[in-house]
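> test case, fold it:
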Amino acid sequence: MKIRPLSDKIVIKMLDLETKSKGGVILTGSAKEKQDYAIVVAVGPGGRDDNGKLIPMEVKVGDKVMMSKYSGTEVKLDGETYSIIRQSDLLAVVED
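Numbering: from 1, shown residues only. Here you go, the predicted structure:
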């Protein structure tokens with residue numbers, strides 16, 4: 001199954017980052033905070049301004065992004081968990 005976001009929506013998959021604290025303690029599921037890093041898997045065509053002009057998206061599929069914690073709607077598709085968020089919920093594109 002394939003998902004195609006509408007308007008200024010973006011489909012992201014959360015990245016599993018380090019599960020140890022800075023002191024080296026392994027964090028259990030309840031002690032971990034929700035990660036705020038993700039990879040973009042699908043992008044809508046863009047939003048529209050008040051005059052109906054298309055505002056292009058600033059991210060593309062494959063970008064690693066940071067977003068506001070607890071933003072978006074979580075969905076399950078083919079056994080995988082994704083989040084659908086608005087482009088305005090993104091804080092930054094992470095460049096390696």
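> I'd say Gly47 and Ser7 touch.
Yes. Gly47 is within contact range of Ser7, at 5.5 Å (criterion: Cβ atoms under 8 Å). Every C-beta, even on glycine, is put in place using the N, C-alpha and C of the backbone.
> who has more neighbours, those two?
Remark: of Gly47 and Ser7, Gly47 carries more neighbours, 17 against 13, as counted by other Cβ atoms under 10 Å.
> beta-bridge partners for that one, please?
The residues paired with Gly47 through beta bridges, assigned by DSSP bridges, are Ile55.
> so how far is Asp89 from it?
Distance from Gly47 to Asp89, counting by Cβ to Cβ, to the nearest Å: 13 Å.
> where in the chain is pLDDT low?
Flagging of the chain using pLDDT under 70 yields the residue ranges 17-35.
> can you map out the strands along it?
9-14, 37-43, 47-48, 54-55, 64-67, 73-77, 80-86, 90-94 (DSSP state E).
> so which residue is smack in the middle of this protein?
Ile12 (3.7 Å; Cα atoms, centre = their mean).
> got the contact list for that residue?
With contacts taken as Cβ atoms under 8 Å, 6 or more residues apart in numbering, Ile12 has the following neighbours: 38-41, 65, 67, 72, 82-85.
> can I get these in TSV with neighbour count and distance to Gly52?
Shown next, in TSV, are these (neighbours: other Cβ atoms under 10 Å; distance: Cβ to Cβ, whole Å):
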residue	neighbour count	distance to Gly52
Ala38	23	30
Ile39	14	31
Val40	20	26
Val41	17	28
Val65	22	27
Met67	23	27
Gly72	19	26
Tyr82	20	29
Ser83	19	28
Ile84	18	24
Ile85	22	23
